[in-house]
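Asks: Let's see this in three dimensions:
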Amino acid sequence: MGSKKLHNTNSAIKINTGVSKPCALNTIAANKYKSFNRRYLSVDEYTSGILRGDRAILSKAITLIESSLLDHQANAQELIKSCLPYAGNSIRIGITGVPGVGKSTFIEAMGKFLIKNGRKIAVLAIDPSSSKTNGSILGDKTRMEELSKESNAFIRPTPSSGSLGGVARKTRESIILCEAAGFDTIIVETVGVGQSETEVHSMVDFFLLLMLAGAGDELQGIKRGIMEMADAIIIHKADGDNINRAQLSLSEIKNAIHLFHPSESGWITTADHCSSLTNDGIDRIWKTILEYINVTKSNNFFFKHRTSQSLRVFHQALNQKMIGLMYEQSSFKRKIKQKEEEVSNGKQSAYTAAQELFEMFVKEISV
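Replies: Got it, this is the predicted structure:
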């Protein structure tokens, strides 16, 4: 170790130069992490990682398909195409209910039960986005802390980004990737009950509605149409002093179910109560889901329903492309601006302006 004396040569004090402080991190590991975390993978790397069940790569792949960048979108579609042959072998469950009903708590209890029974669970939890900032809390991994530690569970919080019904725009593609990664049970947790819960219903096999007992109006403002879409209605938090109220609410729900129109699936909506705190009823609900799958597969509704879901996505995507084509035409943008001003100034009704723009667009593309 080197040393140097002070300017006073008569002093016996000397200052040691010392040694440089080592890096607190393993630089080799840190550089590997940075390289993996920052660089974009190829479609083949994404695909191979997903097929071997690599959850880190699965997360990056979902981030890719959520991206709005054109280059990312192109790669995302290639990735979905490569994973599609390995998808479709899961049970897709939609969970909905009013805020505060305990959707995340229920999913954690159900997920832990299913993992103990040998299943692999992927939870696509949709968080509401702010209409002002587009920000999102993304707190589902915090709310499902125990489930997130399980090696056979994958939890992906996703901002709804203002999408219809609170369902993220790319949730359907995320389902495909999760299925290709070997998850045999996909749970989609929605923001809450609203007029557009049909979006949830259009991407899952089994639609489950959670309700609370003793919350005033037993229907809690839930529209009858949403209740009729549900394959099972569950009174949640049926524990402690709430058990009697839960049983009373369950009786009222069962009476209401008799008024529902017959389902195309041949399945009669069931009602039950459960507690995620005591796990009472969790096994019964899973048994109901399996029974529904068996019934709908035996009468072929299960497969027809999935086909109709795919066709619905096709038509939605086609409509979006056609609308995008109209708005991307540089010459047409000026006409849209002109019509906007006419509508704003009250010179023309919105419907008439839209009709005229559409007719102009048809003439342009037919030339």
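
Asks: in the stretch 151-300 of the chain, which spans are helices?
Replies: Remark: helices assigned in the stretch 151-300 of the chain by DSSP state H, counting those that start in this stretch are 171-180, 198-201, 224-229, 243-257, 282-298.

Asks: Out of the ones you listed, the one nearest Ser67 is which?
Replies: helix 171-180 (11.6 Å; Cβ to Cβ). Yep, even glycine has a C-beta here, placed from its N, CA and C like the rest.

Asks: who does that closest one touch, helix- and strand-wise?
Replies: In terms of contacts (3 or more Cβ pairs under 8 Å, 6 or more residues apart in numbering; DSSP states H and E), helix 171-180 is packed against helix 43-51, helix 55-66, helix 70-83, strand 121-127, strand 153-159, strand 185-189.

Asks: just the CA coordinates of stretch 335-343, formatted as CSV?
Replies: What follows is stretch 335-343, C-alpha atoms only, in CSV (Å, rounded to 0.1, in the frame of the first residue of the first chain):
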residue,chain,number,x,y,z
LYS,A,335,-62.0,17.4,-45.3
ILE,A,336,-62.5,15.9,-41.8
LYS,A,337,-61.2,19.2,-40.3
GLN,A,338,-63.6,21.2,-42.5
LYS,A,339,-66.6,19.0,-41.4
GLU,A,340,-65.5,19.4,-37.8
GLU,A,341,-65.7,23.2,-38.1
GLU,A,342,-69.1,23.0,-39.8
VAL,A,343,-70.5,20.8,-37.0
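
Asks: Can you add mean neighbour count and mean pLDDT and give the helices of the stretch 151-300 of the chain back as JSON lines?
Replies: Formatted as JSON lines, these follow (neighbours: other Cβ atoms under 10 Å; pLDDT from 0 to 100):
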{"stretch": "helix 171-180", "mean neighbour count": "24", "mean pLDDT": "94"}
{"stretch": "helix 198-201", "mean neighbour count": "20", "mean pLDDT": "79"}
{"stretch": "helix 224-229", "mean neighbour count": "16", "mean pLDDT": "76"}
{"stretch": "helix 243-257", "mean neighbour count": "16", "mean pLDDT": "89"}
{"stretch": "helix 282-298", "mean neighbour count": "16", "mean pLDDT": "97"}
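
Asks: Would you convert those into TSV that also reports distance to Tyr351?
Replies: Formatted as TSV, the helices of the stretch 151-300 of the chain follow (distance: least, Cβ to Cβ, whole Å):
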stretch	distance to Tyr351
helix 171-180	32
helix 198-201	25
helix 224-229	27
helix 243-257	39
helix 282-298	41
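
Asks: Which one of those helices lies nearest to Ala350?
Replies: So among the helices of the stretch 151-300 of the chain, helix 198-201 is nearest, using Cβ to Cβ, at 25.4 Å.

Asks: what's that closest one packed up against?
Replies: Secondary-structure packing of helix 198-201 (3+ Cβ pairs under 8 Å, 6+ apart): strand 91-97.

Asks: What strands flank the strand it packs on, and is each parallel or antiparallel?
Replies: Note on strand 91-97: by DSSP bridges, its sheet partners are strand 185-189 (parallel), strand 206-212 (parallel).
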